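Visitor: sequence and computational prediction follow.
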Amino acid sequence: MNSKLKDLNFVLMRLIFEAFGIGKHYEVEAEKTTDSLRATKYRAPTENGNQNETLGLTAHVDKNTLSTLCENGVPGLDVLHDEGQWRQLPIPKGSWLVLLGNVFEVWTNGLLHGVRHRVMMSGDKERYSYGCFSTPREGVTMEVPPELVDNDHPALYRPFIYSDFLAIHGRSPSFDILKTYAGI
Ligand SMILES: O=C(O)CCC(=O)C(=O)O
Ligand SMILES: [Fe+2]
């Protein structure tokens with residue numbers, strides 16, 4: 001399953017590249033991409049005597065390329081919508097949820113933005129999630145594709161070494177940390 005999951009991430013990446021007119025960069029960028037797999041357990045609030053919702057994972061934007069996630073039928077993932085509301089996004093059984101991260105903000109010169117999300121737990125069942133996280137390799141330079149830059153659409157980010165950004169800000173929950181680090 002894991003190699004199929006990695007393939008899925010590459011297919012999604014290629015489709016997005018093609019949709020944004022930067023398909024010719026796909027092969028090179030795919031070569032510079034690696035993946036990690038992670039399973040996470042979130043405790044049920046009632047385990048600690050808490051009847052209310054509890055925070056499972058602080059609100060953040062993934063700093064990687066894209067993440068595909070599934071869960072064990074216990075929902076908990078919330079997404080922040082543009083109007084400022086958090087909404088739970090249950091992942092249907094047998095489906096994968098795709099979250100775009102900061103890297104796509106650079107690749108699309110801000111046309112796409114990373115998904116703001118968190119995990120909130122309620123009830124008495126523990127939640128498990130499993131995900132495949134695509135990430136640029138160590139030392140890779142991120143830059144806005146020239147196809148998406150013109151007088152009306154200046155580059156929003158300077159070129160930067162992705163692993164340097166991650167080393168400094170990898171744990172930052174700030175939604176704007178990429179802009180702060182590499183925004184022009
Ligand atoms: O477990 C989840 O549903 C979300 C995990 C997540 O957002 C992350 O690991 O970045
Ligand atoms: Fe995340």
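Guide: Right, received. Where do you want to start? Ligands and ions are numbered 1, 2, ... in the order given.
Visitor: would you map the strands across this structure?
Guide: Secondary structure of the chain, counting by DSSP state E: strands at 33-42, 54-61, 66-71, 77-80, 86-88, 97-100, 116-121, 127-136, 141-142, 160-161.
Visitor: so where do the helices sit in the chain?
Guide: For the chain, the helices defined by DSSP state H occupy 2-19, 26-31, 102-107, 162-169, 177-182.
Visitor: give me the contacts around the third one.
Guide: Identification of contacts with helix 102-107 by C-beta atoms under 8 Å, 6 or more residues apart in numbering yields 16-17, 20, 22, 25, 29, 61-66, 112-114, 135-136, 142-145, 156-157, 162, 177-178, 182. To be clear about C-beta, it is placed using only N, CA and C from the backbone, and glycine gets the same treatment.
Visitor: from the residues you listed, list the buried ones, please.
Guide: Neighbour counting with 16 or more other C-beta atoms under 10 Å marks 16-17, 20, 22, 29, 61-66, 112-114, 135-136, 142, 144-145, 156-157, 162, 177-178, 182 as buried within those.
Visitor: ok, and of these, which contact ligand 1?
Guide: Intersecting these with the surroundings of ligand 1, defined as C-beta under 6 Å from any ligand atom, gives Asp62.
Visitor: if we can go back for a sec, dump the helices of the chain into TSV; add distance to Lys125 and mean pLDDT as well.
Guide: TSV is the format used below for those (distance: least, C-beta to C-beta, whole Å; pLDDT from 0 to 100):
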stretch	distance to Lys125	mean pLDDT
helix 2-19	24	95
helix 26-31	38	98
helix 102-107	32	98
helix 162-169	33	97
helix 177-182	33	97
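Visitor: give me the neighbour count for Pro159.
Guide: Counted with other C-beta atoms under 10 Å, the neighbours of Pro159 add up to 11.
Visitor: got the phi/psi numbers for the residue lying closest to it once chain neighbours are set aside?
Guide: Of all residues not flanking Pro159 in the chain, Glu143 sits nearest, at 4.0 Å (C-beta to C-beta, 6 or more residues apart in numbering). Dihedral angles phi and psi of Glu143 (degrees, to the nearest 10) take the values phi -150, psi 160.
Visitor: from what I see, Glu143 and Tyr157 are in contact.
Guide: Yes. Using C-beta atoms under 8 Å, Glu143 is in contact with Tyr157, at 7.5 Å.
Visitor: related to what we said a few turns ago, for Val74, find the nearest of the helices of the chain.
Guide: If you check each of those against Val74 by C-beta to C-beta, helix 2-19 wins as the nearest, at 20.4 Å.
Visitor: from the chain's centre, how far out does that closest one sit?
Guide: Here the centre of helix 2-19 is set off from its chain's centre by 14 Å, with C-alpha atoms, centre = their mean, to the nearest Å.
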